[in-house]
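Enquirer: I'll drop the sequence and a predicted model, then ask my questions.
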Amino acid sequence: MGSYYYSAPATSYAQPMYSQPQVYVPAAPVVTAPAQPAEKALLVFHLPEDAEIYFFEQKMALEGATRTFNSPALEAGQAYAYPIRVELQRDGKTYETSVQQQVHSGQRIELTVQFDEAAGQLSLKAGAPVSSTVAQR
């Protein structure tokens, strides 16, 4: 006859593991600026209506107190320098201010041009760093 072996049941006990239930929290909606393609930059000028704007020494045709310019497609992560000159005629004199504006892909830059009659000076201020020179001729 065969032999039978008896083994005692396991006597070790493990504590059950509990974990926190996963809670789904929806992310806040992402708000993006409308109508500006990511590969272009937008420059918005606020200036006297009769001022003339030059990019790369080429006169821009737009007129009015607020003018917007879209750059051509710009490579992301690169900085571009836009030479900008603004001229204004007052009492037979030409006043001029020029800047070397740094521009990046997808960026919106607000530029304000003001003429101070008392000082006889044209100034340009931007919301981003600007390298500027001012001259009267």
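Expert: Thanks, I have it. Residues are numbered from 1 along each chain as shown.
Enquirer: any low-confidence regions in the protein?
Expert: Along the chain, the parts satisfying pLDDT under 70 run over 1-38, 127-137.
Enquirer: mind redoing it with 50?
Expert: Residue ranges of the chain with pLDDT under 50: 35-37, 129-136.
Enquirer: in it, which spans are strands?
Expert: Under the criterion DSSP state E, the chain contains strands at 42-46, 52-55, 58-59, 66-70, 79-90, 93-104, 108-116, 121-126, 130-136.
Enquirer: could I get these as JSON lines with mean neighbour count?
Expert: No exception for glycine: its C-beta is placed from N, CA and C like everyone else's. JSON lines is the format used below for these (neighbours: other CB atoms under 10 Å):
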{"stretch": "strand 42-46", "mean neighbour count": "18"}
{"stretch": "strand 52-55", "mean neighbour count": "17"}
{"stretch": "strand 58-59", "mean neighbour count": "10"}
{"stretch": "strand 66-70", "mean neighbour count": "14"}
{"stretch": "strand 79-90", "mean neighbour count": "16"}
{"stretch": "strand 93-104", "mean neighbour count": "17"}
{"stretch": "strand 108-116", "mean neighbour count": "16"}
{"stretch": "strand 121-126", "mean neighbour count": "18"}
{"stretch": "strand 130-136", "mean neighbour count": "12"}
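Enquirer: beta partners for His84?
Expert: One thing to correct before we go on: residue 84 is Ile, not His. Phe55, Val99 (DSSP bridges).
Enquirer: Ala79 and Phe45: what is the separation?
Expert: To Phe45, Ala79 is 20 Å away according to CB to CB, to the nearest Å.
Enquirer: Now do the contacts for the nearest residue to Ala65 once chain neighbours are set aside.
Expert: Excluding the flanking residues, the one nearest Ala65 by CB to CB, 6 or more residues apart in numbering is Glu49, at 5.0 Å. Glu49 is in contact with 63-65, counting by CB atoms under 8 Å, 6 or more residues apart in numbering.
Enquirer: and what of Pro48?
Expert: 65, 88, 113-115.
Enquirer: Nearest to Leu124, out of those residues: which one, please.
Expert: Leu124 lies nearest to Val113 out of the contacts of Pro48, by CB to CB, at 5.0 Å.
Enquirer: Fine by me, thanks again.
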